[in-house]
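> I would like to see how this sequence folds:
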Amino acid sequence: MLAATFAALHLTWRLLRWLVWDKLLGFGTAPKRIGFLILALFVLAVSLVYSDHRNIAPSFEAEFLATTGGATAGGGTLHPPPEGGWNLIDAMAIGLRSHIPMIDWGLRDGWQLAGEGPLYVAGRAVAIMRPEDFGMLMAVLNFLAWPPFLAFALRRAFRYA
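Numbering: from 1, shown residues only. Next up, the predicted model:
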């Protein structure tokens, strides 16, 4: 029983290593593949999740400013959300914040992924995940994908320079 479990884990590990190192990264020579994965995750998340206004909530800062009359420390005021509703530009701004790690773009700081309620994917509720959990999952996946992409892409770019 233990030997069968070990063999199954070993086979699973070899399959994952083959998928990631060979097929996705091309042994460090194919940054286009992982770049395509990063772009595909972004496009799918923006079009299916971030574009649904039910997945978005005011940030804690925006809620605080709204309760204090909208005045900020710099003397500015809190801007209300767009009257036309949540649009593709807003969804892309949330996507950039979630999908490019370690960069605070300062885009749509008054909004964040909702911490309560179900995740809506293509208009359907997914009760096992919250929008905030989806954003964190995308952040982790992108945090893992960007370093090898940049390393391999820069190496390839300077090889031809």
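> quick one, strands of the chain?
Per DSSP state E, the chain carries strands over the ranges 56-58, 111-113, 119-121, 124-126.
> Identify whichever of the ones you listed lies nearest to L9.
Closest approach to L9 among the strands of the chain (Cβ to Cβ): strand 124-126, 29.8 Å. (Each C-beta comes from the backbone N, C-alpha and C, glycine too.)
> what would the strands of the chain look like in CSV with mean pLDDT and distance to R159?
Compiled in CSV, the strands of the chain are given as follows (pLDDT from 0 to 100; distance: least, Cβ to Cβ, whole Å):
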stretch, mean pLDDT, distance to R159
strand 56-58, 78, 42
strand 111-113, 78, 39
strand 119-121, 87, 40
strand 124-126, 86, 43
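> Quick check: which ranges of the chain have low pLDDT?
The chain contains residues with pLDDT under 70 at 2, 20-21, 23-29, 60-85, 102-109, 160-161.
> follow-up on the earlier one: turn the strands of the chain into a markdown table, including distance to R17 and mean neighbour count.
Below are those laid out as a markdown table (distance: least, Cβ to Cβ, whole Å; neighbours: other Cβ atoms under 10 Å):
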| stretch | distance to R17 | mean neighbour count |
| --- | --- | --- |
| strand 56-58 | 38 | 18 |
| strand 111-113 | 32 | 20 |
| strand 119-121 | 30 | 19 |
| strand 124-126 | 30 | 11 |
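> quick check: longest helix of the protein.
Scanning the chain for the helix with the most residues, using DSSP state H, yields helix 131-160.
> Quick check: which helices or strands does that one pack against?
Secondary-structure packing of helix 131-160 (3 or more Cβ pairs under 8 Å, 6 or more residues apart in numbering; DSSP states H and E): helix 31-45, helix 88-99, strand 111-113, strand 119-121.
> Determine which of these approaches A145 most closely.
Comparing those by Cβ to Cβ, helix 31-45 comes nearest, at 5.3 Å.
> To I100, which of the strands of the chain lies closest?
Among those, strand 111-113 sits nearest to I100 (Cβ to Cβ), with 15.2 Å.
> Check the offset of stretch 138-156 from the chain's centre.
Offset of stretch 138-156 from its chain centre (Cα atoms, centre = their mean, to the nearest Å): 13 Å.
> quick one: buried residues of that stretch?
M138, A139, L141, N142, A145, W146, P148, F149, F152 (16 or more other Cβ atoms under 10 Å).
> Over to stretch 125-135?
R130, P131, E132, F134, G135.
> and if you look at stretch 50-59?
Using 16+ other Cβ under 10 Å as the test for burial, stretch 50-59 gives Y50, S51, D52, H53, N55, I56, A57, P58.
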